[in-house]
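Asks: Need coordinates for the following:
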Amino acid sequence: MADPYPVYLLCGEDEFALDEYVAAHVAQIGSDPTIASLNTSHLDGRSHSYEDLVKTVHAMPFMLDHRLVLFTHPTSLVKHPSHQKKLIELMDHLPSTTLLILIEDHDLTSPSDRRKGKVHWLEKWALTSGKRVEFKQFQLPIGSNLIAWVLRRAEKAGGKLTPKAADELILRTGPIPRMLDQEIQKLLTYVNYTRPVEPSDVLQVTPFTAPVPSFALLNALRDHNAGAAFGYLRRELDEKEPILIFFNIVNQFRQVILAREILDQGGRAEVLVRTLHMHPYAAEQAMKHAASYTLVQLEAIYHRLLDLDEKVKTGQLNDELALDLLLEELTNASR
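Replies: Just a heads-up that it's a prediction; the model follows:
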């Protein structure tokens, strides 16, 4: 393993990419999986003590040049500024034979804090430690970046999806890379790697397994309850990037439009469940919302969403301002 960093600080919600990155480093420890396993330790800040960590990082490697310590949820171990100092001192003076990977399954600095110019103490340490630390954030790909990710993943696997097929796959599976990767493999096998996967293939192979979303925001918009809508948005912005919230709203309105079309044909929620493989609760909620709008109204909202999305992408609008404008327009709109 050539010139490794002593410490790696990894964080973010893209668990799939993070796991692949860690697996690659575990594989580099040694060519013999058994020996590599003997030189890899796993600690969790939620259940292990600081003394456990000290003991583990000072253990000598067995038949290899380095040993690897994977330390998940390190911030759970550090509750006080004095604890922060102890951990930093430990990382600054690691034995030359130890590689330490710290892993958090979320961004260290929340989106709201970052917008205020605040940075988490551990991230700040990593950014000022020079070549001793590699700091990597694993952000979930969203929007057009997620579609591009699906297309690249298919090519890496030796096949191809059309952009429309990728879009349909994301709608059904949700923006979850691990699930998407599994479905990509199934789809490529379905077409036997002989042709690009089309949307019709996705409809045949991939059930609607996207996580059931909260309809709290759409409920507030439908009821023209500006207070509830903006309150929900503020809570979401504390945990998520504005662009991800916007992506979820677009997806939900797409589902409601599909429900409205079924409703206009005399169909019921069961049709959505059967034909689109939607979760029964999501289908029922989509039908309720569809009944509150005409198809013309829904298409107008959807086009407005696309218009705001374009303005954000071209720098004409700040993404958070775009959300504020959308909520204000929809809560003030007449039925």
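
Asks: so R172 makes contact with F208?
Replies: Yes. With contact defined as Cβ atoms under 8 Å, R172 counts as touching F208 (4.8 Å). (Glycine included, C-beta is placed from N, CA and C.)

Asks: Show me what the helix or strand where E329 lies is packed up against.
Replies: Per DSSP states H and E, E329 falls inside helix 319-332. If you count contacts as 3 or more Cβ pairs under 8 Å, 6 or more residues apart in numbering; DSSP states H and E, helix 319-332 packs onto helix 216-222, helix 226-237, helix 242-264, helix 295-313.

Asks: Give me the domain ranges for the protein.
Replies: Residue ranges for the domains of the chain, per automatic domain parsing: 7-137, 144-205, 216-332.

Asks: any idea of the mean pLDDT for the shortest one?
Replies: The one in question is domain 144-205. Domain 144-205 carries an average pLDDT of 92.

Asks: nearest to Q139, of the helices and strands packed on helix 319-332?
Replies: Across the helices and strands packed on helix 319-332, Q139 has its closest neighbour in helix 242-264 (9.4 Å, Cβ to Cβ).

Asks: Make CSV out of the domains of the chain and add mean neighbour count.
Replies: Putting the domains of the chain into CSV (neighbours: other Cβ atoms under 10 Å) gives the following:
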stretch, mean neighbour count
domain 7-137, 16
domain 144-205, 18
domain 216-332, 17
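
Asks: Out of those, name the one with the poorest average pLDDT.
Replies: When I compare the domains of the chain, domain 216-332 is least confident, with a mean of 82.

Asks: What's the end-to-end length of that one?
Replies: End-to-end distance for domain 216-332, by Cα to Cα, to the nearest Å: 17 Å.

Asks: For the residue most central in space within the chain, list the residues it contacts.
Replies: Centrality entry for the chain: nearest residue to the mean C-alpha point is L140, 3.5 Å, by Cα atoms, centre = their mean. Residues in contact with L140 (Cβ atoms under 8 Å, 6 or more residues apart in numbering) are 12-14, 146, 175, 177, 244.

Asks: before we move on, the earlier item: I'd like the helices and strands packed on helix 319-332 as JSON lines, with distance to Q28 appended.
Replies: Formatted as JSON lines, the helices and strands packed on helix 319-332 follow (distance: least, Cβ to Cβ, whole Å):
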{"stretch": "helix 216-222", "distance to Q28": "45"}
{"stretch": "helix 226-237", "distance to Q28": "39"}
{"stretch": "helix 242-264", "distance to Q28": "33"}
{"stretch": "helix 295-313", "distance to Q28": "38"}
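
Asks: among those helices, which is nearest F71?
Replies: Of the helices and strands packed on helix 319-332, nearest to F71 by Cβ to Cβ is helix 242-264, at 27.5 Å.

Asks: same for that closest one, what does it pack against?
Replies: The helices and strands touching helix 242-264, judged by 3+ Cβ pairs under 8 Å, 6+ apart, are helix 216-222, helix 226-237, helix 269-276, helix 280-290, helix 295-313, helix 319-332.

Asks: tilt between the last one and helix 226-237?
Replies: Between the axis of helix 319-332 and that of helix 226-237 there is an angle of 160 degrees, by axes from the mean of the first three to the mean of the last three Cα atoms, to 10 degrees.

Asks: can you name the farthest residue from the center of this structure?
Replies: Distance-from-mean max, the chain, by Cα atoms, centre = their mean: M63 at 38.4 Å.

Asks: From what I see, that residue and T34 are in contact.
Replies: No. Applying Cβ under 8 Å as the test, M63 and T34 come out as separate, 10.2 Å apart.

Asks: contacting residues around the closest residue to L77 other than its chain neighbours?
Replies: Leaving aside its chain neighbours, L77 sits nearest to G45 (3.6 Å; criterion: Cβ to Cβ, 6 or more residues apart in numbering). Residues near G45 by Cβ under 8 Å, 6+ apart: 71-78.

Asks: how much space between G45 and P61?
Replies: Noted for G45: a distance of 23 Å to P61, by Cβ to Cβ, to the nearest Å.

Asks: No further questions, thank you.
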